[in-house]
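In: structure of the sequence below:
(chains A, B and C)
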Amino acid sequence: MPPSSATKNKNRILPEDGGRPALLLDWYDRHRRRLPWRPPAGERADPYRVWLSEIMLQQTGVKTVGPYFEKFVARWPDVDALGSASLDDVLRMWAGLGYYSRARNLHACAVAVRRDHGGVFPDIEESLRALPGIGPYTAAAIAAIAFGRRTMPVDGNIERVVSRLFAVEEPLPQAKPLIQRLAATLLGAGDAESRAGDVKARAGDVKSRAGDSAQALMDLGSSICTPKKPACALCPLNEDCVSRARGDQETFPRKAPKKAGELRRGAAFVVTCGNELLVRTRPEKGLLGGMTEVPTSDWRAAQDDKASLTQAPVLNGVARWHRKAGVVTHVFTHFPLELVVYTANIPARGRAPEGMRWVPIATLKDEALPNVMRKVIAHGLGE
DNA sequence: TAAACGTGGTA
DNA sequence: TTACCAAGTTT
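Out: I've put the predicted structure just below:
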């Protein structure tokens, strides 16, 4: 149970919400970060930019996203432009950012907004939630930040802030519904007259400053209420924080440790002919879906180099494989990978094997190459 | 419901 | 260095 502010301080009459929403917004007005997708204080955010940034920011740091966001809005200034682009162009621009299903869903979402919503983002959480790549968090974030709807998106930052503020003992992810309810208490009251679906609701929605409240919690989580060594002395909610009062704030949120994935091994084949490289496109679904790669063997926990070599592409029997010294290592979310690299330089560039193609090495930077493949190619082409 | 899904930063 | 974390969604 959250502490009752009324009982906490008997000498003051506090609002039902304990005054936390006001403290939070006051802090935000003084400390809000300037970010590429944020308009100046007080200005309405562009739904397209909010959506694009929210998709990119899923499990991805602000610093990493910055340059990608700028590239995207420069090339595709609105959702209509993005929906008119080819999926391949979008994947190429996304290469290196990771979680590539996001790029596919991004494109599919832009197409759907054009086709089903007249090129305008719906301003209702439920309709947003129905679009590709938009889950519960992102729907609430867009509704609150771009449209002023009175709803509270809950991301990893807010889970941490709220679980500490109220000392939520239930572990994640079971605690999500409880944290969602507690987080919503940090929204301003809005207009008592407002009702969902009512035209008047907009006035109440805007009054609650839901978007600013959510972003305030996220800024708080990233700069003050950090995972380790939180700067509680600077926190606008510190007097209200249950875990801080007990001194065990760093132990929240409660979470079961996750098991590490098993190392997988395989071989990658860097085949050149003059200034061209042999590549192929991965299947649409699954790991690195739709991205470009050099041919590789399977990646398995129990894989030896000899078995890998038997899976080399067949190049009219002319290929002389050279085992490159060392290995390329890469860590995915759910398993680490170790690839040995074989190279071959063939004299005459015959037809590429089934499902593969030759690309000029000079244009590789324009390919939809995930970072693991950039590492492999750099290793194979290096000294 | 739990596992799949990238990459880079931080301690 | 290992381990965790980052504005989660999909299946």
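In: please name the residues that touch the residue in chain A that DNA strand C sits nearest to.
Out: Scanning chain A for proximity to DNA strand C using C-beta to the nearest atom of the strand identifies A:Gly135 as nearest, at 2.4 Å. Bear in mind the C-beta positions are built from the backbone N, C-alpha and C, glycine included. With contact set as C-beta atoms under 8 Å, 6 or more residues apart in numbering, A:Gly135 has these partners: A:Arg129.
In: tell me the pLDDT at it?
Out: In the predicted model, A:Gly135 carries a pLDDT score of 98.
In: over to A:Pro173?
Out: On the pLDDT scale, A:Pro173 is placed at 91.
In: how near is it to DNA strand B?
Out: In this view, A:Pro173 and DNA strand B are 7 Å apart by C-beta to the nearest atom of the strand, to the nearest Å.
In: next one: phi and psi at that residue?
Out: When quoted as degrees, to the nearest 10, the phi and psi of A:Pro173 stand at phi -90, psi 0.
In: tell me how many other residues crowd it.
Out: By other C-beta atoms under 10 Å, 12 other residues sit near A:Pro173.
In: can you tell me which residues contact the nearest residue to A:Ser208 once chain neighbours are set aside?
Out: For A:Ser208, ignoring the flanking residues on the chain, the nearest one in space by C-beta to C-beta, 6 or more residues apart in numbering is A:Gly190 at 3.6 Å. Neighbour list for A:Gly190: A:150, A:204-205, A:207-208, A:210 [criterion: C-beta under 8 Å, 6+ apart].
In: a markdown table for those residues, including distance to DNA strand B and pLDDT?
Out: Listed next are those as a markdown table, based on distance: C-beta to the nearest atom of the strand, whole Å; pLDDT from 0 to 100:
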| residue | distance to DNA strand B | pLDDT |
| --- | --- | --- |
| A:Arg150 | 26 | 96 |
| A:Gly204 | 32 | 60 |
| A:Asp205 | 30 | 71 |
| A:Lys207 | 35 | 72 |
| A:Ser208 | 30 | 79 |
| A:Ala210 | 26 | 94 |
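In: check these against DNA strand C, which are close?
Out: Taking C-beta under 7 Å from any atom of the strand, there is no overlap between the contacts of A:Gly190 and the neighbourhood of DNA strand C.
In: if you rank the residues you listed by neighbours, which is first?
Out: Neighbour-wise, these (other C-beta under 10 Å) top out at A:Ala210, 28 neighbours.
In: any part of stretch A:280-299 near DNA strand C?
Out: No. Contact of stretch A:280-299 with DNA strand C (C-beta under 7 Å from any atom of the strand) is absent, the minimum separation being 7.7 Å.
In: end-to-end on that stretch?
Out: For stretch A:280-299, the first-to-last residue distance is 16 Å (C-alpha to C-alpha, to the nearest Å).
In: touching DNA strand B at all, that stretch?
Out: Yes. Judged by C-beta under 7 Å from any atom of the strand, stretch A:280-299 comes into contact with DNA strand B through A:286-289.
In: now stretch A:339-356
Out: No. Counting by C-beta under 7 Å from any atom of the strand, DNA strand B has no neighbours in stretch A:339-356; the shortest distance is 11.7 Å.
In: hmm, back to that, the residue nearest to A:Ser208 and A:Arg209: what is the separation?
Out: As for A:Gly190, its distance to A:Arg209 is 9 Å (criterion: C-beta to C-beta, to the nearest Å).
In: hang on, the earlier thing: using a markdown table, lay out the residues of stretch A:280-299 next to DNA strand B together with secondary structure, neighbour count and pLDDT.
Out: Converted to a markdown table, these look like this (DSSP: H, G, I helix; E, B strand; the rest coil; neighbours: other C-beta atoms under 10 Å; pLDDT from 0 to 100):
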| residue | secondary structure | neighbour count | pLDDT |
| --- | --- | --- | --- |
| A:Gly286 | coil | 10 | 95 |
| A:Leu287 | coil | 17 | 97 |
| A:Leu288 | coil | 19 | 97 |
| A:Gly289 | coil | 15 | 96 |
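In: domain-wise, how is chain A divided?
Out: A:5-251, A:264-381 (automatic domain parsing).
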